[in-house]
Each structure stands twice: as structure tokens, then as C-alpha cells.
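Trainee: Any chance you could fold what I've pasted below:
(one chain, ligands or ions: 1)
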Amino acid sequence: MEYPFQITSLEQYKEQYQKSVDEPESFWGDIAENFYWRKKWDKVLEWNFKEPKVEWFKGGKLNITENCIDRHLETMGEKPAIIWEPNNPDERTRVVTYTRLHKRVCQFAQVLLNNGVKKGDRVCIYMGMVPELAYAVLGCARIGAIHSVIFGGFSAQSIADRLEDAKAEFIVTCDGAYRGGKDIPLKSIIDDALIGNKTVKKVIVYTRTRTPVSMIKGRDVWWEDEMDYALSQIEKNNVVTMPATEMDAEDPLFILYTSGSTGKPKGVVHTCGGYMVWTTYTFVNVFQYKPGDVHFCTADIGWITGHSYIVYGPLAAGGTSVMFEGVPTWPDAGRFWDIVDKYKVNVLYTATTAIRSLMSYGLDPLQGKDMSSLKVLGTVGEPINEEAWHWYDQHIGKKKCPIVDTWWQTETGGILISNLAGITPAKPSWATLPMPGVQPVLVDERGKEVTEPDEHGLLKGNLCIKAPWPGIIRTTYGDHERCRTNYFATYENLYFTGDGALKDKDGNFRITGRVDDVLNVSGHRIGTAEIENAINMHASVVESAVVGFPHSIKGQGVYAFVITEKKHPEDDLAKKDILETVSRIIGPIAKPDKIQFVNGLPKTRSGKIMRRILRKIAEGETENLGDTSTLLDPSIVDEIKQNKV
Ligand code: PRX
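Mentor: This is a model prediction of the structure:
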């Protein structure tokens, strides 16, 4: 498969960028011609950010799985679509060709139909990183069911909240999942999540770990039995036929929950046509993917990175995508490099936090690993510090692989700001230039465009985007007003990202981090309010305030200031209880790194917690805490400072 829309020079990038801004409809209309539509669109784009309403390729009819699978069968049927590396390196790997992927996805789509799933129904997927997870995602897409994948690290309570919000009627899960030395009992967590649930009718369970599970009659069915039966229905004379459901370009494809400033995760909704065009376009251009390349994105499909750059983008481009079940440090910290060597990986796309963590093991884990196949490296999830960037460049890329620093969000569907590998210049720790179709702007607190450079010649402000690109969020599930207030109401006629950024005179962007009450812990987004809610659930907690602090591996760590009923319970037990509570309510990823028991929190006379002060204390600042005169009780600040943990 060739890519007529692949940008091959800096001049071409500039020219394409200009065209995308001047004539977005003709620009994206031309790109969309490279996909398989059952019927072409009536209108390329209609939008306003007031409601907001964004419609791309309206009236176009398609099914994304025909683009990700069927259209490749004739010419690339035997080409690997997914190469699966199991958690345990001694276990057999699996190579899933496009023909095999087609068969499995069709089979699973039929399983869904057999279990009563219809177009538009929400199917929650809570699985480990096994190929069956990809089959489940694509099986939903094939019949127009809306998938909502939940990362395997979330707790029963988090799942229960998401099931309720999405009014999900179906679940696909595994008995358990392997992650490094751990075996996570997924089905049992689902059983807990389902206590009190009123919407879920069926649970389909894939066998991975052979962990004992309780199967409830009438509700729970085994994946394997269902798949066998489905195959008998759709396969005749070795030919599998299972028609894909025709979808409108603007029909929802999936929901993915993400944290915001409020205590409740939002169900970000992406639709079929625009998301497909955006993920494929960015995949091919940012990574400069060439037919036959082996692409290894190390993310989990429970996050947007996995949706867009393990599943949809690479497959729509007819690529080969490596899917890894385990973790980077098990059985040792050379695991990624083993995988690169084993599959001759050409493109490695990983999280900044993973790079920093692997860096801390030194160079021994790299010994004896042949990584000469690598052509392009990528990072995602948080700003990359220059030290980590140079380590990645020198020791992994051997100074011959361009590094793409890709900035984007769950809400953006795909990469918005990044250099194009080897085509546009890289600048360590800068995401650099916007993709065609993306018009970033920096504004001040009042929404006025920042035009005055600071003393370093840089513009500094809150990062917004002026106009829609095909992969933009369409709504938050079940609550459109929430989508408006979160992203489109802060500044008029702009999409607000929640990030702060710098811009240099050449137009490069450097993302400096969140400007709202959202933390980025190991590249995972967690709202402080969500963690506070969880801590406050603990019986002896009166109030809490959570802020981030710089963490050498995680990027940001979680620092919790907690008021308890009993004054200063010195024992570690109280801390452990709080950690356990957060694990139960959200999941282990949200556990505070530091807990400090305090007698009070710095509050204004109107009762608002002054987080600015707490943030400074957590960062280790003792002197310049700013103005504390408006505090109800300024003495509390000294006490908190003295007892910092
Ligand atoms: O703060 C930015 C940071 O991650 C946030 C988005 O998180 P999430 O929706 O979970 O998606 C993560 C993977 C796309 C952003 O608002 N972020 C993501 N990539 C970068 C980044 N910060 C700096 N540089 C990046 N390359």
C-alpha cells in the first residue's frame, strides 16, 4: 500500500500546511479519497465551537474495519497485521496475518450479534494485552457497537462508574492478565464491579491465565465456545463471510474515559470517519511509515495511544503492528530491546516515563541487542527532558534515528503537534510544529492571543486550537454540555487543551505541562479532585488536598495533604489504609507517593484551598510562597512547611 498523502520534504510540509489552513475542505476531501467509503460524503466539514458541533465527511458511509482489514486482503492477506509478544518471553509468539485478523474479527463480530449486541450498544472491554483485545475492539466496530476499553489497572469501583455512565450492556474480559510478575484477576474484578449494576446483560470471558473464575449462569459465557459456534455460522468452504455494518461518518466509534479537573472521568467520544482519516494520516506522516515497516507502539490499548497507534492507524495503513503483553522491566530492563531485536522493529514509539525508567538501569540491558533495524523513535505522554532525549538519541537510536516528540490528548484522537521523522527538524524537548490542519494559538488568562515575546524571545500562554481537525472530540458521552464547558467555554471560539506552552520565533511549540488541576503521572492523566474524592472516602479522613510534585521517573508524583479525625496518626498504618483506599476506588496508578497529615489546609476567607501554596511546598520551596496574607489562618503554612515529608 502506498501513501499518496505522505509528506516527503520540508517544503512540501509548508505547502501542505498552508493549503490545510486556506482550503480545509478540499485538503481533507482529497486525503479522504484514499479510504474505502461505501458512499462518499455530502459535505467535508461543518462546524461551530459554540455548541460545539463538528461534523466531518457528513453523509459519508463506511465501516472502519473494511478500511483496517478487508481492503488489504487481496494484496496483503499473508502480511502480518499484528505481531504479538507475550508477557513471558518463553511463551510462543503469535503472528496474526490480515487474513487471520479478518477471520477472528468476523468471528467475534458474529459472537456479539449472537449475544444480542446491536449497532450503537456500548460494549465495555476490560482485558489484558492479548490479540483478542484487538479482535474485540474491531469486532465491535464491525457491527457498529461502541467500544469502551478500560485499562486493566483500574479498580472495580472505577469500572462500575464507567459502566454506569456509558449504560453498557455487554462486557468482554479475560479470566486474568499477566503483567510482568503479576497475575491480575480481571474477571473477579469485573464481578465486583457488577455488584449493583443494572444494565449489563452479558459477560464474555476469554481464557488467558486459567485463574479460577465464577461464571454466572445466563450472564457469563466463554469466548472460546462462542467463537467456535460463530465460526460454524460464518465459514463455508474455508471462506469467511460476515458483512460489516454500514456506518455514517459521524456515528460514534468508541468512548474512552479520561480524567479532568472535576472528580468524575469524562467519556470522550470519537466518530468513525474523521478519526479514521486522522489516525491514518498522522501515523503515516509523523512516523514516516513505509510499507513493510514493523511498528512497535509500547502503549496499552486501554489508553488512546494504543487505540490510535497500535490498532486503528497502523491497520488502516496496512501496516505491521507489534503488540506487547508485558512491561518494560520484566524479566529484566532489556525487554524492549529484546523485542526490537527479535522482530527487527523499525519504528519504536514509547512513553517518556518509560525512557526515563529504562535510563535508570544504565547501559547493561542494551548489551548484545541488535537494534540496527530502528529507523524512527517516538515519545508521548509528557514533556521529555533533554537528558532523556539525548539518552534515547544516543543509546537507542545511535544518533541515526529521528525522534518524534508527539503532543496530543485523548480528546484529539491523534497527534496534533510533532516533527515529521526526518522531514521537519527536531528540537530536543520541543514537540515542534503543528500537523497540517492544526492551528495552535497561545492565549493569556483572558483569552487574548499572546503576541509579546518574553526575555528569551518566546511566547508563553495557554494552548488552544482555532479550528477543528478530523480527529477532534465530538462530545462527552451522555452529556454534551460537559464537553462544551470543559473544552469550548473557557475561551470563546477556541478548543482549550488544558496545557501551557511556549512558542519560539520559528513557530515551534514546547509543551510545559497542565495548567489545570490535572496531574500527569507516568504519562497517565489523573485529576486531583478524583484522587481527593478517593482519599476522602476513607473513614477517618476529614479533608484532603492533592497536588503534583516533580518526580524523576514518573514526571509528576502525587502529594496528598490529609486532615484526619484523630490528630496526627503517626503510624504508617493510616497511610497504608489511605493508599489501599485509593487503589480500591481508582486503581494503583493513582496512589499518592507522599502523604502528609496536617491540622489544616491553607484556605482563603471564602474557603478555597490555595493550591498554589501547597504545590510550592510539595516542590520543596520554603521561601517564596507568594502572598499568604489573604489566608484565613496564615500560621498553618508554617506548620505544613515544617512537617513536609
Ligand atoms: O499534558 C499533555 C500530556 O498528556 C496530556 C494528554 O493526556 P492523555 O489524554 O492521557 O493522552 C496521552 C497520550 C496522547 C496532554 O494534555 N502530553 C501528551 N503528550 C505530550 C504531553 N506533554 C508534553 N509533550 C508531549 N509529547
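Trainee: burial of Glu452, as a residue count?
Mentor: Here the number of neighbours of Glu452 (other C-beta atoms under 10 Å) works out to 7. Every C-beta, even on glycine, is put in place using the N, C-alpha and C of the backbone.
Trainee: Now for it: which residues touch it?
Mentor: Leu459 (C-beta atoms under 8 Å, 6 or more residues apart in numbering).
Trainee: hmm, try it at 10 Å
Mentor: Applying C-beta atoms under 10 Å, 6 or more residues apart in numbering to Glu452 gives the contacts 444, 459-460.
Trainee: swap in Val200?
Mentor: Contact analysis of Val200 by C-beta under 10 Å, 6+ apart lists 122, 124, 163-164, 167-171, 190, 193-194, 219.
Trainee: filter the residues you listed to the buried ones?
Mentor: 122, 124, 163, 168-171, 190, 193-194 (16 or more other C-beta atoms under 10 Å).
Trainee: quick one: which of the residues you listed is nearest to the ligand?
Mentor: Nearest to the ligand among the buried ones among the contacts of Val200, counting by C-beta to the nearest ligand atom, is Cys124 at 18.7 Å.
Trainee: Now do the contacts for the closest one.
Mentor: Listed by C-beta under 10 Å, 6+ apart, the contact set of Cys124 reads 146-150, 159, 162-163, 166, 168-173, 190, 193, 199-200, 203, 255.
Trainee: Take the contacts of Val200 and write them to JSON lines, including secondary structure.
Mentor: Shown next, in JSON lines, are the contacts of Val200 (DSSP: H, G, I helix; E, B strand; the rest coil):
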{"residue": "Arg122", "secondary structure": "strand"}
{"residue": "Cys124", "secondary structure": "strand"}
{"residue": "Leu163", "secondary structure": "helix"}
{"residue": "Glu164", "secondary structure": "helix"}
{"residue": "Lys167", "secondary structure": "coil"}
{"residue": "Ala168", "secondary structure": "coil"}
{"residue": "Glu169", "secondary structure": "coil"}
{"residue": "Phe170", "secondary structure": "strand"}
{"residue": "Ile171", "secondary structure": "strand"}
{"residue": "Ile190", "secondary structure": "helix"}
{"residue": "Ala193", "secondary structure": "helix"}
{"residue": "Leu194", "secondary structure": "coil"}
{"residue": "Arg219", "secondary structure": "coil"}
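Trainee: okay, now the closest residue to the ligand within the stretch 151-300 of the chain: neighbour count?
Mentor: Residue of the stretch 151-300 of the chain nearest the ligand, by C-beta to the nearest ligand atom: Thr258 (5.2 Å). When neighbours are defined as other C-beta under 10 Å, Thr258 has 20 of them.
Trainee: what bridges to it?
Mentor: Lys266 (DSSP bridges).
Trainee: in terms of contact, does it touch His270 like I think?
Mentor: No. Using C-beta atoms under 10 Å, Thr258 is not in contact with His270, being 11.8 Å away.
Trainee: Nearest residue to the most centrally placed residue in the chain in space, please, no chain neighbours.
Mentor: Centroid-nearest residue in the chain, with C-alpha atoms, centre = their mean: Ile304, separated by 2.7 Å. Once flanking residues are discounted, Ile304 sits nearest to Thr410: 4.3 Å by C-beta to C-beta, 6 or more residues apart in numbering.
Trainee: ok, now Cys124?
Mentor: Ala168 (4.3 Å).
Trainee: Quick one: name the residues of the chain near the ligand.
Mentor: By C-beta under 6 Å from any ligand atom, the residues of the chain that approach the ligand are 258, 304-305, 380-383, 405-410, 431, 497-499, 511, 514, 520, 525.
Trainee: Kindly recompute the last result at 8 Å.
Mentor: Counting by C-beta under 8 Å from any ligand atom, the residues of the chain lying close to the ligand are 258, 299, 303-305, 352, 379-384, 405-412, 415, 417-418, 431, 497-499, 511, 513-514, 518, 520, 523-525.
Trainee: Need the overlap of contacts for Thr258 and His270.
Mentor: By C-beta under 10 Å, 6+ apart, the residues touching both Thr258 and His270 are 304, 410-411, 473.
Trainee: and the residue nearest to Trp222 when sequence neighbours are not counted, how many neighbours?
Mentor: The shortest distance from Trp222 to any non-neighbouring residue, by C-beta to C-beta, 6+ apart, is to Val205 (5.8 Å). By the criterion of other C-beta under 10 Å, Val205 has 22 neighbours.
Trainee: Following the chain past the helix or strand hosting Val205, name the next helix or strand.
Mentor: According to DSSP states H and E, Val205 maps onto strand 202-206. Counting by DSSP H and E, the next helix or strand C-terminal to strand 202-206 is strand 220-222.
Trainee: Which elements pack onto that following strand?
Mentor: On a contact count with 3 or more C-beta pairs under 10 Å, 6 or more residues apart in numbering; DSSP states H and E, strand 220-222 meets helix 186-193, strand 202-206.
Trainee: how long is stretch 520-536 from one end to the other?
Mentor: 21 Å (C-alpha to C-alpha, to the nearest Å).
Trainee: nope, stretch 65-83 is what I was after
Mentor: End-to-end for stretch 65-83, by C-alpha to C-alpha: 18 Å.
Trainee: any idea of the mean pLDDT in it?
Mentor: The average pLDDT for stretch 65-83 rounds to 98.
Trainee: Kindly report the same for stretch 555-562.
Mentor: For stretch 555-562, mean pLDDT rounds to 96.
Trainee: Using PDB, list the CA coordinates for it.
Mentor: C-alpha atoms of stretch 555-562 as PDB (Å, rounded to 0.1, in the frame of the first residue of the first chain):
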ATOM      1  CA  GLY A 555       7.400  13.100  35.600                       C
ATOM      2  CA  GLN A 556       4.900  14.000  38.300                       C
ATOM      3  CA  GLY A 557       4.300  12.400  41.600                       C
ATOM      4  CA  VAL A 558       1.200  12.600  43.800                       C
ATOM      5  CA  TYR A 559       1.500  14.600  47.100                       C
ATOM      6  CA  ALA A 560      -1.500  14.400  49.400                       C
ATOM      7  CA  PHE A 561      -2.100  16.700  52.400                       C
ATOM      8  CA  VAL A 562      -4.600  15.000  54.600                       C
END
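Trainee: picking up where we left off before, any quick ChimeraX command for the buried ones out of the contacts of Glu452?
Mentor: Filtering those down to the buried ones (16+ other C-beta under 10 Å) takes a single ChimeraX command:
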select :459,460
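Trainee: for whichever strand or helix holds Val269, packing partners?
Mentor: Take DSSP H and E as the rule and Val269 turns out to sit in strand 266-271. On a contact count with 3+ C-beta pairs under 10 Å, 6+ apart, strand 266-271 meets strand 53-58, strand 146-149, helix 156-166, strand 252-258, helix 272-286, strand 475-476, helix 480-483.
Trainee: Can you tell me the strand partners of the second one and which way each runs?
Mentor: In other words, strand 146-149. Short version: by DSSP bridges, strand 146-149 pairs with strand 122-126 (parallel), strand 252-258 (parallel).
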